[in-house]
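Peer 1: Take a look and give me a structure for this.
(one chain, ligands or ions: 1)
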Amino acid sequence: MNDTVTGLILSQADYRDHDVMLRVMTKEYGLIGFIAAGARKMTSKNAGSILPLTKAEIHFDYKEGKTLFRLKTARTREFFRNIHENLELSAAASVAADVCMHMCQDNPAGATEEYELLETALSGLNENRPHALVLSLYLSDMMKLFGIAADVDECVRCGATTVSAISAKEGGFLCGECAASLGVTQSGVSELKRFRLIVKGGLRHIDMIEKVSASFERDLETLVEMLRLHAGIELRSFAFYKRFCH
Ligand SMILES: [Zn+2]
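Peer 2: Below you'll find the predicted structure:
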């Protein structure tokens, strides 16, 4: 069946001969793969339209039950120019793509929310929003969607409502006593508030959250660490990102 899909291209890898394999996040089918035959040949008409970190319209034959398809033609719909012209932004966008690939790889068909969150994150980066904030909000939204959000309502150990520390390992806030007994360093009030805003607010409230701080690196570190400890996801792109952006 002839089908058209609009998707966010997350990665491109060399495949047999002159072919490349793409991993693409789509609203309709979730995370799927495409083989673009001959895309590494100079004469390829598709080569310029299948760049990672762009949005493309792809024509292909859909077969039910498959997750890898043969790409017929592709056309760029959104290039995210600023991301491609700025090393920091492209490193940040790669982290978002990496998160999506890890978290959506076992998804059944259909992933509207996951798709839209990634598109919002890439647009935010392209608009030059603070990249650590965009990534923090994207991560916290994805973690919420997958049921592993940080608990920022009370101490995760004892339920006390007066909190004074953040622990990635424990999965959220700790009260003073629990923090002391676990040897976790206490955080300032503004840091606790900022982290709570990020977890509660998400990408939808970026305008408001952007105003509360000039730096969101620590929040991002905490969320990446939570993803590693609680979902077993190791983001290799994050080490690369940190070398440029911290
Ligand atoms: Zn406690």
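Peer 1: okay, CA-based contacts and neighbour counts for the rest of this
Peer 2: Noted.
Peer 1: ok, the strand ranked longest in the chain: who's next to it in the sheet?
Peer 2: Counting residues, the longest strand found in the chain (DSSP state E) is strand 2-14. According to DSSP bridges, strand 2-14 has the following sheet partners: strand 20-26 (antiparallel), strand 54-61 (antiparallel).
Peer 1: Which one of the ones you listed lies nearest to the ion?
Peer 2: Nearest to the ion among those is strand 20-26; the distance by Cα to the ion comes to 40.1 Å.
Peer 1: how much space between L87 and A180?
Peer 2: 41 Å (Cα to Cα, to the nearest Å).
Peer 1: wait, I meant S44
Peer 2: With Cα to Cα as the criterion, S44 and A180 are 62 Å apart.
Peer 1: ok, back up a step: now for the strands paired with strand 2-14, which one comes closest to Y115?
Peer 2: strand 20-26 (6.2 Å; Cα to Cα).
Peer 1: Does G38 touch H18 like I think?
Peer 2: Yes - between G38 and H18 there is a contact under Cα atoms under 8 Å: 4.7 Å.
Peer 1: Looking at the two, which is more packed in?
Peer 2: Higher neighbour count among G38 and H18: G38, with 18 against 14, using other Cα atoms under 10 Å.
Peer 1: how close does the more buried one get to the ion?
Peer 2: Going from G38 to the ion by Cα to the ion, to the nearest Å gives 59 Å.
Peer 1: sec struct for that residue, please.
Peer 2: coil (DSSP: H, G, I helix; E, B strand; the rest coil).
Peer 1: Pull the contacting residues for it.
Peer 2: 17-20, 44 (Cα atoms under 8 Å, 6 or more residues apart in numbering).
Peer 1: Now with 6 Å, please.
Peer 2: Under the criterion of Cα atoms under 6 Å, 6 or more residues apart in numbering, the neighbours of G38 are 18-19.
Peer 1: What distance do you get for it to M21?
Peer 2: Counting by Cα to Cα - G38 and M21 are separated by 11 Å.
Peer 1: do the same with H205
Peer 2: 35 Å.
Peer 1: Mind checking which of those two has more residues around it?
Peer 2: The neighbour comparison of H205 against M21 (other Cα under 10 Å) goes to M21, with 22 against 13.
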